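**Q** Got a predicted structure plus its sequence, pasted below:
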Amino acid sequence: MTDGTPWGGGGWGPGHGTGGTGGGGFGPPPPPAPPYPPQPQAHQGAPWYPPHSGYPTPPPRRRGPLLAVAGLATAALVAGLLIWAPWGGDGSGDGKGPSAAAPRDPAAEAERMLREAAETMSNTQVVAYRGDFALDSGASTPFDLQTTPGGWGRGSLQDQGATVRLLTTDDHRLTRAGKAYWKDRGYAGDLLDRIDDRWMDSSADLPEIDDLTTPLDPSNVSDLLRDAAGRGRPAAIASSTVAGRPVKVLTTANGRFWISDSVPRTLLRLAADDSPAASGPLPLPDGLDTTVGALTGADRETFTTAYERDLSALKSAVDPAVDFSTTGKARFSPCGNSSCTARFTLQNSVYEGLGDEEASGEPVYAEISIAITLDGRKVKTCTFQRKMKPSGTVSLTCTATYSAATTRNHTVRGLPDAWARAVPDPELVRLRADFAKGVTDSQAA
């Protein structure tokens, strides 16, 4: 597994003033300056994420030995000019001292920093965020999130005193919390028991999850940086530090960005603006203020292992937007002292405003069980997996065998139960394959 961080970006070169040929003092010229040593090239690894729409960024071309030699010669020549130009004067002075260097353009430097930080972000395989953002209620809440370009991430947030775990894929947003939290959110009955500490689709019930995770996709943050660079001079440029590292704080229409002074230019913190740009990439979530880092080495391996474990747990993930009910009366026939067959017809329905299966025509993947009891004692459980149309019905039978005394009457009951999967088996197979491919591509980078 490649352990190096695939971060790119270049440094800020010294300001190159233009010296004239006139003027001059007395005495011999100073000796030429020693050449600059050749600068190491930052390795540009491929971004790590399972395939999604669009093509991956190709790796940069490697520079050959001849180009390195040419670069060394150029560095030596430029160094010589830097030594001689100040002593030669600018053609208008008295030739008795060094002339003032040409002032740097803060707007141009800020634009370069934004573009280089965008390139660094694009080449980071796993980005880690830790900070705060605003819920729909307006309350600020802490969160942490580790995510790859393409939106494959995991993390958590604090809400109503509870920890809510987050899991995102290319097109799924899921949460996991305890029963007490979901009860406060209005869930009740059998569904409340079913979603206790299990992954569930929260795309409609907790829109804040999508509001947080989608804009923080590293691809979108890279686009925000590039878009800010193209909008001209930042509203403000200041110096500060993040975790002891000197940074420039650039206030733009897309937010505030804390970018390292040193190369590779790296985004170390970002915060949402009160009035985000009306067009361009997805804006940052309201109230966002978060540190930004890269997971490398053992930390990245830990992320990979934990994410694969979470994917496996999606086999029991619940879609709370779908409910089930029996239609008509259950029939028990034939039924006697040695066996009984229960017959049920079940229908699914989507809670209004909670799901889009019915509107989009997406099928419902139902997990169904029928338990048969004899005089209150369970004697048989039949399980079924059915792919259903939205608002569709399915008829099922379950036969139990037993030995009942013929000297008295007995009571046989059938107890159906059903729930909808948030991630059906075919989709789970795809998710595992795409994520595994992303890991393999990362190791080969």
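**A** Structure received. Numbers count the residues shown, from 1 in each chain.

**Q** S279: neighbour count?
**A** Taking other CB atoms under 10 Å as the criterion, the count of residues near S279 is 8. (C-beta placed from N, C-alpha, C; glycine too.)

**Q** now do the one 4 residues further on
**A** Burial of P283 is recorded as 21 neighbouring residues (other CB under 10 Å).

**Q** In contact with it, which residues?
**A** Residues near P283 by CB atoms under 8 Å, 6 or more residues apart in numbering: 215, 254-255, 272, 276-277.

**Q** again with K389
**A** Contacts of K389 (CB under 8 Å, 6+ apart): 363-364.

**Q** measure it to G361 for me?
**A** Applying CB to CB, to the nearest Å, the value for K389 to G361 is 8 Å.

**Q** do the same with A342
**A** Counting by CB to CB, the gap from A342 to G361 is 31 Å.

**Q** quick one: which of these two has more around it?
**A** The residue with more neighbours, out of A342 and G361, is A342; 24 against 9, by other CB under 10 Å.

**Q** how many neighbours does the residue lying closest to that one once chain neighbours are set aside have?
**A** Distance criterion CB to CB, 6 or more residues apart in numbering; nearest residue to A342, sequence neighbours excluded, is G414 at 3.5 Å. By other CB under 10 Å, 23 other residues sit near G414.

**Q** Quick one: residues contacting G414.
**A** Contacts for G414 were tallied using CB under 8 Å, 6+ apart; they are 330, 332, 342, 344, 370-372, 398.

**Q** that older thread, and the contacts of P283, which is closest to D196?
**A** Distance to D196, by CB to CB, is smallest for P215 among the contacts of P283, at 30.3 Å.

**Q** ok now do that closest one, which residues does it touch?
**A** Applying CB under 8 Å, 6+ apart, the residues contacting P215 are 221, 281-285.

**Q** Among the residues you listed, list the two that are farthest apart in space.
**A** Using CB to CB for every pair in these, the one that comes out farthest apart is P281 and P285, at 13.0 Å.

**Q** if we can go back for a sec, state the phi and psi torsions of the residue nearest to A342.
**A** Dihedral angles of G414 (phi, psi; degrees, to the nearest 10) stand at phi -120, psi 130.

**Q** what about it, distance to A420?
**A** 21 Å.

**Q** And the closest residue to A418 other than its chain neighbours, what's its pLDDT?
**A** Nearest in space to A418, with sequence neighbours left out and distances taken as CB to CB, 6+ apart, is F324 at 3.9 Å. Model confidence at F324, given as pLDDT, is 97.

**Q** what's the helix or strand for F324?
**A** Using DSSP states H and E, F324 sits within strand 322-326.

**Q** Buried ones in that strand, by neighbour count?
**A** 322-324 (16 or more other CB atoms under 10 Å).

**Q** and what of stretch 392-406?
**A** 394, 396, 398, 400, 402, 404.

**Q** can I assume the fifth one is in contact with V379?
**A** So that's Y402. Yes: between Y402 and V379 there is a contact under CB atoms under 8 Å: 4.8 Å.

**Q** Shouldn't A118 be within a strand?
**A** No: using DSSP: H, G, I helix; E, B strand; the rest coil, the secondary structure at A118 is helix, not a strand.

**Q** Tell me the pLDDT of it.
**A** Note on A118: pLDDT of 98.

**Q** Tell me the secondary structure at the nearest residue to it once chain neighbours are set aside.
**A** Excluding the flanking residues, the one nearest A118 by CB to CB, 6+ apart is L225, at 3.7 Å. Here L225 is recorded as helix under three-state DSSP.

**Q** From W258, how far out is L225?
**A** Distance of L225 to W258, computed by CB to CB: 12 Å.

**Q** Who has more neighbours out of these two?
**A** Using other CB under 10 Å, the more surrounded residue of L225 and W258 is L225, with 30 against 22.

**Q** In contact with the more buried one, which residues?
**A** L225 makes contacts with 114-115, 117-118, 121, 254, 257, 267, as judged by CB under 8 Å, 6+ apart.

**Q** List buried members of the residues you listed by neighbour count.
**A** For the contacts of L225, a burial check counting by 16+ other CB under 10 Å picks out 114-115, 117-118, 121, 254, 257, 267.

**Q** What is the nearest of the residues you listed to A243?
**A** For the buried ones among the contacts of L225, the nearest to A243 is L267 (13.0 Å; CB to CB).

**Q** Could you list everything the closest one pairs with in the sheet?
**A** I259 (DSSP bridges).

**Q** Need the per-residue pLDDT for it.
**A** pLDDT, read off for L267, is 99.

**Q** Is it in contact with M121, as I believe?
**A** Yes: between L267 and M121 there is a contact under CB under 8 Å: 5.9 Å.

**Q** Perfect, I'm done here.
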